[in-house]
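Engineer: sequence first, predicted model second:
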Amino acid sequence: MLNEIMSRIHTLDKSSPKDFLGIQIELRTLIIECERKIVQNRNKVKGLKWSKRNYAKSVDKSILKINKYERIIDRFNRRQDAIQYERMKLKFLGDCIAYKVYEEFDIRQLSKNNDPGFIFDKEGSEFEVEVALEHAKDGYYVLLHDITNCLRVGDLSIVSNEGKPVMIECKETRTGELKINDRLIRQVERMMSIDSIMKSEVNTEVKSVNTEMLYKYNLPTEIIEIKAEVIYHYSVLEKLCQTENNFEVIEVEPGLTYAVVKDGYEEDLYRELEVRFENCSILSSNLLRRIEGEFENIPPFGIGIKSSKVLIEIFDVDIIAFIFIDMNIVQELFKNLGCEDGVELVGNDENIEYVRVIGRNSQIGPRIFNRVRYGLLSLETAVLQIVELINYQSSTKPN
């Protein structure tokens, strides 16, 4: 099923509005199935824990039976993890569809909200599908936000005749009168602010939205166009995953190494890496974190990998893909581009908080580095982009 859906996602650009929405409705159905199973499983675990506590208080309790309860609970917990991961895989595919409609800058703004939670018990969810179907019948391409991790503002996006997506907040009313409350006001405020930002010109301050509103919703106050050529290494990872060896390691460019390993051969890979990276300062990452719903504001690598077989192997952890960044070489790259003392990554290996330029009062958020670590962006592209932003900051700050 997933294999077939992935193949169709790659050809969605040429599909009809009906087919474009149809695949999303299929994904939505599968996501809801997972959500129902998660709730059922969660309730079973609650019941088992309650039974175990009561039994443990009884006079004739048996350690063997208590241990049996614990084994059963553990089995249900493992099943819960597996179902939750299945749901995240489906939403990752939803992200792949979203990135076919929106630019990365726009998605960054649309991801700045809380996770909306489960679809199956969301009030008005079926009404959203009805609205989407009506627009698709009229020839519009429609995007369902709930099937994604990254679209957290508005319910639907309708692609207009001019090719620009328009956000819609769907509210069903039986009385014919819409009830206005604080939550609805916040939703509309945020949506209208983001819509104005997406229509703003680059290299200008955002003047169409009140500054207080921009700060309130963590939105940019100015939009900067980065000129560095953007290169992704999708084809490199795709080719690497097709190896017949138990593991494969390749230096993609100076300072950036990809490694793939088949399930069960991780120790062999680690021995190879110990030798290869001896005396290096390495920042490592695992692509599974993007599948699991983290870093929703960077492009999912599924949009660039054309082989459904490769994606399935990564999804099912038959193949594990790692990215390694040599920070010694990163420092050299920054120094060669004018950051004389290099940079410091503030945070830890798991989560970088920001990139600070040593000797200057400049710092950049972690997103560009995360695109290298979890989105297959070229390291050289990332460094060039960060330096552009640093130089822009320096030129606009008062002396």
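Structural biologist: Arrived safely.
Engineer: buried residues, the helix or strand where residue 65 lies. List them.
Structural biologist: Assigned by DSSP states H and E, residue 65 falls within helix 63-101. Neighbour counts over helix 63-101 (16 or more other CB atoms under 10 Å) mark 69, 73, 76, 80, 83-99, 101 as buried. Just so you know, the C-beta spots here come from the backbone N, C-alpha and C atoms, and that holds for glycine as well.
Engineer: where does this structure have low pLDDT?
Structural biologist: The model of the chain has pLDDT under 70 over residues 14, 161, 175-176, 203, 396-399.
Engineer: what about the longest helix in it?
Structural biologist: helix 17-57 (DSSP state H).
Engineer: which secondary structure elements does it sit against?
Structural biologist: helix 2-10, helix 63-101, helix 125-137, strand 141-144 (3 or more CB pairs under 8 Å, 6 or more residues apart in numbering; DSSP states H and E).
Engineer: still on that earlier bit, which helices and strands sit right next to the helix or strand following the helix holding residue 65?
Structural biologist: Moving toward the C-terminus from helix 63-101, the next helix or strand (DSSP H and E) is helix 104-110. Helices and strands touching helix 104-110, by 3+ CB pairs under 8 Å, 6+ apart, are helix 182-198.
Engineer: could I get the CA-only coordinates of the helix it packs on as CSV?
Structural biologist: Extracted C-alpha coordinates of helix 182-198, given in CSV (Å, rounded to 0.1, in the frame of the first residue of the first chain):
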residue,chain,number,x,y,z
ASP,A,182,-11.1,33.9,21.4
ARG,A,183,-9.8,30.7,19.8
LEU,A,184,-11.3,31.5,16.4
ILE,A,185,-10.0,35.1,16.6
ARG,A,186,-6.5,33.7,17.2
GLN,A,187,-6.8,31.3,14.3
VAL,A,188,-7.9,34.0,11.9
GLU,A,189,-5.3,36.5,13.2
ARG,A,190,-2.4,34.0,12.7
MET,A,191,-3.7,32.9,9.3
MET,A,192,-4.1,36.4,8.0
SER,A,193,-0.7,37.4,9.3
ILE,A,194,1.0,34.5,7.6
ASP,A,195,-0.9,35.1,4.4
SER,A,196,0.4,38.7,4.4
ILE,A,197,4.0,37.5,5.0
MET,A,198,3.8,35.1,2.1
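Engineer: who are the packing partners of it?
Structural biologist: helix 104-110, strand 165-168, helix 211-216.
Engineer: quick one: residues in contact with the longest one.
Structural biologist: Contacts of helix 104-110 with the rest of the structure, by CB atoms under 8 Å, 6 or more residues apart in numbering, involve 98-99, 102, 150-154, 165, 167, 194, 197-198, 219-220, 223, 297-299, 367.
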